[in-house]
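Here is a sequence together with a model predicted from it:
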Amino acid sequence: MNIPFLDLKNQYQAIKHEINPAIQEILDNASFVLGKSVSNFEAQFAAAHTVKHCICVSSGTDGNHLALWALGVGVGDEVIVPADTFVATAWGATLCGAKPIFVDCDPESYNIDPKKVEAAITPRTKAIVAVHLYGQAADMDGLQKIAKAHNLHLVEDCAQSHLAEYKGKKTGGLGIAASFSFYPGKNLGAYGEGGAVTTNDDRLATTFRMMRDHGTLQKYDHEIFGHNYRMEGIQGAVLGVKLKYLHEWTEQRRRVARRYGELLRGVGDIVLPKEMPYAKHVYHLYVIQTSKRAELQKYLADKGIGTGLHYPIPLHLQKCFASMGHREGDFPVSERLSKQCLSLPMFAELTDQQIEYVTDCIRDFFRLK
Ligand SMILES: *Cc1c(COP(=O)(O)O)cnc(C)c1O
């Protein structure tokens, strides 16, 4: 049996009858950049996340940058980010001319550890970026307490956490601002690049709207600095169709995760993902840990099963951040995870039969060990 790590083709076939006319309408109206499809989606996405404003942008990375830029982060400032995340979290700071400061993650939740944040704060610290890694909300109360005490902006990177919850509240409205990604492989994916920033703050929302479109609200009247971070009309149309299914797809992901958990409990030395009591996990990724990662990954590949590594090198050990002088051993939890993590196939359309094939193969692997 062949089971890809991610299958986007199946999903398209199921919704093709709605997607194709939605794209056709954009072509007929020549509404290629922003426009009604994007503004309609912005309103619906904000409502789905119980946040006041959603401003669509050209990617999640651009959202990471825009959020910090609009908050006034600049040269000489420091921004605290987890060591264990996709590199784009750190680009938010670097694109502002600021310095990302890495903090280790919690061994159970894999999210930035509030207990370790305090020690990383200096007089130059301006913001903390919380990533809801793999689709599970970070410990926002713990982070909020520190942010308040030190007068720091708390920003969420929600690239992996569409519809995820923290203590019954959706991510995306838990800090001063948040960024989302609609990269095709994310829980809600466009058919190209896309992202958004969200906020409950009216003034910040206006700044976001201006900055994504050259610092204007009215054409050629450039009130502030900005850039071209506009979303394409086709992406707004695709996302508008797909958003209606997101709740259902999220529940399907949770079903897949539940089934993996039932079938893999106690197998080999596997550590299963843990849903924290405060979180509703949306399983962008289903990540297990094992000391036999490389062997298991190869064994599964030979059986036709695709897997992924999220992430094989923590940010503090990336070449691009070498000038910060970090060494192996600085962030032991992130380092251990980088060596032991393995992401299993995860998408809403996975069938029980496919899940059982994956877990049977994993059981066989550990039986042969
Ligand atoms: C995917 C991702 C991003 C970047 O999103 P793009 O839309 O690909 O630019 C940022 N942060 C995290 C945690 C991500 O997973």
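Yep, that arrived.

Please make it C-alpha for all contacts and neighbour counts, starting now.
Will do.

Now do the helices in the protein.
9-29, 36-48, 60-70, 88-95, 114-117, 140-149, 202-211, 233-264, 293-302, 332-340, 352-368 (DSSP state H).

For the stretch 151-300 of the chain, which residue gets nearest to the ligand?
residue 181 (4.1 Å; CA to the nearest ligand atom).

okay, now residue 251: neighbour count?
The tally of other residues near residue 251 (other CA atoms under 10 Å) stands at 14.

how near is it to residue 13?
In this view, residue 251 and residue 13 are 20 Å apart by CA to CA, to the nearest Å.

what's the answer for residue 126, then?
To residue 13, residue 126 is 46 Å away according to CA to CA.

more neighbours, the two?
When residue 126 and residue 13 are compared for neighbours, residue 126 comes out ahead with 24 against 10, by other CA under 10 Å.

Hmm, residue 74 and that one touching each other?
No - using CA atoms under 8 Å, residue 126 is not in contact with residue 74; the gap is 9.1 Å.

Determine which residue of this structure is most distant from the centre point.
In the chain, counting by CA atoms, centre = their mean, residue 368 sits farthest out from the average C-alpha position, at 35.9 Å.

Up against the ligand, what does the protein have?
By CA under 6 Å from any ligand atom, the part of the chain that sits against the ligand consists of 59-61, 85-86, 88-89, 157, 159-160, 181-183, 194-195.

Pick out the most distant pair among those.
85 and 194 (19.1 Å; CA to CA).

sorry, back to before: in strands only, show me the residues of the chain next to the ligand.
157, 181, 195 (DSSP state E).

Go through those residues and give me the one with the most neighbours.
Neighbour counts for those (other CA under 10 Å) peak at residue 181, which has 31 neighbours.

Isn't that residue up against residue 192?
No - Residue 181 is not in contact with residue 192 according to CA under 8 Å; the separation is 11.0 Å.

related to what we said a few turns ago, for the residues of the chain next to the ligand, which one is nearest residue 332?
residue 85 (14.5 Å).

hang on, isn't residue 140 packed against residue 172?
No - look at residue 140 against residue 172 with CA under 8 Å: they stay out of range, at 11.4 Å.

of those two, who's got more company?
When residue 140 is set against residue 172 and neighbours are counted by other CA under 10 Å, the residue ahead is residue 172, at 31 against 21.

what's near enough to touch that one?
By CA atoms under 8 Å, 6 or more residues apart in numbering, the contact set of residue 172 is 49, 51, 156, 158, 178-180, 198-199.
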